[in-house]
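A.B. asks: Need a 3D model of the sequence below.
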Amino acid sequence: MFARLGNIAANQLRAIKIAKETLSLTPAGSTDWATLQNSLGIAWSDVPTGDKSENLMQAIAAYEKALAVFTKEADPVDWASMQANLGSAWRQLLTGNKSENLKKAITAFKAARTALSDGTHSHSEMRLAVATNLAWVQLITKDFAGALSTAGGGSEADTLFPPLQANHAHALLFLGRADEARAIYLKHRGEKVDIDGTDKTWDQAILEDFDELEKNGLVNAELSKLRER
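C.D. replies: Numbering: from 1, shown residues only. Model (predicted):
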């Protein structure tokens with residue numbers, strides 16, 4: 001599933017085949033069965049070929065089966081991971097009612113956060129990824145106050161995480177607090193950052209965000225000025 005040499009699509013389809021074969025030999029409703037469903041969902045989410053929406057619907061179905069077994073109380077971290085996977089799939093789904101898809105993504109990300117923010121688990125990387133995804137979907141759905149709370153409401157260390165800090169700046173911008181947003185945007189110009197697992201400059205990441213925000217109908221008079229800077 002995670003192999004990145006050779007034909008990635010073939011790798012993912014092979015992973016799906018293995019997962020399905022193994023599921024047929026695993027007691028339905030067991031934790032092993034649920035873990036396999038989660039792996040199957042990840043593989044369907046990552047298949048780069050075929051009908052992307054259909055692949056994501058297959059992934060969503062698998063994640064929901066896994067979540068019918070795992071619970072927040074008994075398996076908080078695994079449950080949170082599965083909720084985060086489910087949220088990512090709903091966020092990417094472009095067919096159907098996009099607004100409803102994004103609402104479901106928000107619900108899943110918020111659920112994941114509740115299992116990772118009680119102070120009993122130190123899975124900071126997952127917690128930051130969930131917060132970043134949640135803040136982004138809140139931006140896309142024009143819940144700018146919610147995005148600001150999500151991106152800027154954690155610890156000081158959290159707010160220094162580059163993707164989350166970028167979403168913090170975006171929220172400030174669309175709330176009319178352009179000076180504060182500008183200070184964050186310009187503070188890290190030229191720095192190398194790890195965003196979405198890729199090594200790029202802060203400038204590249206922010207400009208890509210601007211493009212994506214505009215594609216989603218979010219327009220702000222400051223964007224053209226910020227692009228020049």
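
A.B. asks: Secondary structure class of residue 204, three-state.
C.D. replies: Assigned with DSSP: H, G, I helix; E, B strand; the rest coil, residue 204 falls in the helix class.

A.B. asks: repeat for residue 25
C.D. replies: Following three-state DSSP, the label given to residue 25 is coil.

A.B. asks: Over to it: give its phi and psi.
C.D. replies: Residue 25 adopts backbone torsions of phi -110, psi 0, taken as degrees, to the nearest 10.

A.B. asks: give me the number of residues near it?
C.D. replies: By other Cβ atoms under 10 Å, the residues close to residue 25 number 9. Every C-beta, even on glycine, is put in place using the N, C-alpha and C of the backbone.

A.B. asks: again with residue 188
C.D. replies: With other Cβ under 10 Å as criterion, residue 188 counts 18.

A.B. asks: List the neighbours of stretch 26-44 that are in contact with it.
C.D. replies: For stretch 26-44, contacts defined as Cβ atoms under 8 Å, 6 or more residues apart in numbering pick out 1, 12, 15-16, 19-20, 22-23, 55-56, 58-63, 65-70, 75, 78, 81-82, 85-86, 89.

A.B. asks: If we use 6 Å, what do you get?
C.D. replies: When contacts are defined by Cβ atoms under 6 Å, 6 or more residues apart in numbering, stretch 26-44 is touched by residues 1, 12, 15-16, 19, 22-23, 55, 58-59, 62-63, 65-66, 69-70, 82, 85.

A.B. asks: now the chain, which segments are flagged as low pLDDT?
C.D. replies: Applying pLDDT under 70 to the chain flags the ranges 118-122, 153-159, 195-197.

A.B. asks: Strands of that one, residue ranges please.
C.D. replies: Using DSSP state E, the strands of the chain run over residues 192-195, 198-201.

A.B. asks: Need the contact partners of the first one.
C.D. replies: The set of residues that contact strand 192-195 without belonging to it, under Cβ under 6 Å, 6+ apart, is 162, 163, 202, 205.

A.B. asks: Just checking: what are the partner strands of it?
C.D. replies: strand 198-201 (antiparallel) (DSSP bridges).

A.B. asks: one step back: I'd like the strands of the chain laid out as JSON lines, including distance to residue 151 and mean neighbour count.
C.D. replies: Formatted as JSON lines, the strands of the chain follow (distance: least, Cβ to Cβ, whole Å; neighbours: other Cβ atoms under 10 Å):
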{"stretch": "strand 192-195", "distance to residue 151": "14", "mean neighbour count": "15"}
{"stretch": "strand 198-201", "distance to residue 151": "19", "mean neighbour count": "12"}
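
A.B. asks: Of those, give the one that comes closest to residue 111.
C.D. replies: Comparison of these against residue 111 by Cβ to Cβ identifies strand 192-195 as nearest, at 24.2 Å.
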